[in-house]
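Chemist: Kindly return the folded structure for what I paste below:
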Amino acid sequence: MEGHYSHGLNRVDMYLKDIRTGVCAVEGEPVVEKESAATSLVDGNNLLGPVVGNFCMDLAIRKAKEVGVGWVVAHGSNHFGFAGYYSMQALKENMIMSETSLAPVCHLPTRGKERTLGTSPLSVAAPAEHGARFVPDTSAVALGKVRAGLSADPIPDGWGCDPEGHVTTDPKSVLTGGGLVPIGGSEATEELYKVQRQNGFKTTRKNVSESTKSFISCFSEKASLYNLFVLHNLSRFGFQGQFFVAINLENFAPGFTERMSALLSISRGQDPADPGSPVLAPGDPERLNMKKCEETGGRPYHINVVK
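Modeler: I've put the predicted structure just below:
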């Protein structure tokens, strides 16, 4: 409904396959392994990512209500869907929410030609007045846009590289030996959050038994090996990690939503660079797509997703 066709229906078949093949567990619940007033370490027990994500999100919000901030890290999780979904849930509680996930190794470091990094989307959402929201997205492009053919063929320049590390507009070259470029293009900064995690190095593990209970962990002693899973092995095992941070605005200066609304208004009210295209603030593309869905009484899908 928000127009992110790289996720949602496009991922349902992947989740079903993970269940049917035993990659994901279907019994049990996430477990809190360690916690303080403001933090928690959660073992997702290899459950579906959205199950783990909702558990951690609720836990982070509850802690933020009690002590002002909640920081929850999960390991033993799986692909958790559209990152923005979780951050936007905190808006109902007048909180700022931020979260990110370990992603499969699918893009190259700057000037490199071997995949060592993931897209690792970082989503942040902050409330404004009258239900408005500020939702910046730091992911330059989702891999699903290339894989599902949601973009034009060829893909836009600056999305991906071929197996030799050269920028290409051929989606097949990106998916078969190449990879995505870092956010902002081939000369952009690397993912900041990997500094905080123990799995910031690559030791490719190509043959992993589906029954092996080893996790790609964050802030966890279980991450004794710095194993990052490569793109084509994503269906072999789905162990991922995420973190969720909720911040209670009531613990800080009053008037946050008013100031955020003013910022959005200033952004939208300036003269556009292209007279035919109005200025958009973070979150506006999603808001406009939702309005379109409401007006048409349906949700459009790309034909490739339907097929």
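Chemist: For S40, the count of nearby residues, please.
Modeler: Look at S40: counted by other C-beta atoms under 10 Å, it has 23 neighbours. All C-beta spots, glycine's among them, are computed from the backbone N, C-alpha and C.
Chemist: Then K291?
Modeler: There are 10 residues near K291, going by other C-beta under 10 Å.
Chemist: Check the gap between it and G3 for me.
Modeler: According to C-beta to C-beta, to the nearest Å, K291 stands 11 Å off from G3.
Chemist: shaky segments in the stretch 51-200 of the chain?
Modeler: 102-111, 113, 115-120, 136-145, 147-152, 181-200 (pLDDT under 70).
Chemist: Quick one: the strands in it, in order.
Modeler: In the stretch 51-200 of the chain, strands defined by DSSP state E, counting those that start in this stretch lie at 69-77, 95-101, 105-107, 117-118, 122-127, 133-134, 160-161, 167-168, 179-180, listed in chain order.
Chemist: Include distance to T39 and mean neighbour count when you put the ones you listed into TSV, please.
Modeler: Shown next, in TSV, are those (distance: least, C-beta to C-beta, whole Å; neighbours: other C-beta atoms under 10 Å):
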stretch	distance to T39	mean neighbour count
strand 69-77	5	26
strand 95-101	14	25
strand 105-107	28	25
strand 117-118	24	23
strand 122-127	19	22
strand 133-134	25	21
strand 160-161	37	24
strand 167-168	41	18
strand 179-180	32	27
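Chemist: Turn these into TSV, including distance to A253.
Modeler: TSV is the format used below for the strands of the stretch 51-200 of the chain (distance: least, C-beta to C-beta, whole Å):
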stretch	distance to A253
strand 69-77	15
strand 95-101	13
strand 105-107	38
strand 117-118	36
strand 122-127	14
strand 133-134	16
strand 160-161	43
strand 167-168	44
strand 179-180	39
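Chemist: Among the ones you listed, which comes closest to T257?
Modeler: strand 122-127 (5.3 Å; C-beta to C-beta).
Chemist: Touching, V124 and L91? I think so.
Modeler: No. With contact defined as C-beta atoms under 8 Å, V124 does not reach L91; the gap is 11.2 Å.
Chemist: so what sits against both of those two?
Modeler: M97 (C-beta atoms under 8 Å, 6 or more residues apart in numbering).
Chemist: The nearest residue to T168 once chain neighbours are set aside: what's it in contact with?
Modeler: Leaving aside its chain neighbours, T168 sits nearest to D162 (4.4 Å; criterion: C-beta to C-beta, 6 or more residues apart in numbering). Residues in contact with D162 (C-beta under 8 Å, 6+ apart) are T168, D170, S173, V174, G177, G178.
Chemist: residues near the fifth one, how many?
Modeler: It refers to G177. There are 16 residues near G177, going by other C-beta under 10 Å.
Chemist: Give me the buried positions along the longest helix seen in the chain.
Modeler: The longest helix of the chain (DSSP state H) is helix 49-67. Buried residues in helix 49-67, counted by 16 or more other C-beta atoms under 10 Å: 49-61, 63-64.
Chemist: neighbours around L264, how many?
Modeler: 19.
Chemist: I meant R20, not that one.
Modeler: 10.
Chemist: Okay, it and M14: tell me how far apart.
Modeler: R20 is 11 Å from M14, by C-beta to C-beta.
Chemist: For stretch 257-271, give me every contacting residue.
Modeler: Contacts of stretch 257-271 (C-beta under 8 Å, 6+ apart): 94, 126-130, 132, 134, 249, 278-281, 284.
Chemist: can you pull out the strands in the stretch 201-307 of the chain?
Modeler: 240-248.
Chemist: where in it is pLDDT low?
Modeler: Checking the stretch 201-307 of the chain against pLDDT under 70 turns up 201-239.
Chemist: of all the strands of the stretch 51-200 of the chain, which lies closest to G298?
Modeler: Of all the strands of the stretch 51-200 of the chain, strand 133-134 sits nearest to G298, with 23.5 Å by C-beta to C-beta.
Chemist: Name the residues that touch that closest one?
Modeler: Residues contacting strand 133-134 (C-beta under 8 Å, 6+ apart): M88, L91, A125, A126, P127, A128, M260, L263, L264, A281, P282, G283.
Chemist: Mind doing that once more with 6 Å?
Modeler: Strand 133-134 is contacted from outside by L91, A125, A126, P127, M260, P282, G283, using C-beta atoms under 6 Å, 6 or more residues apart in numbering.
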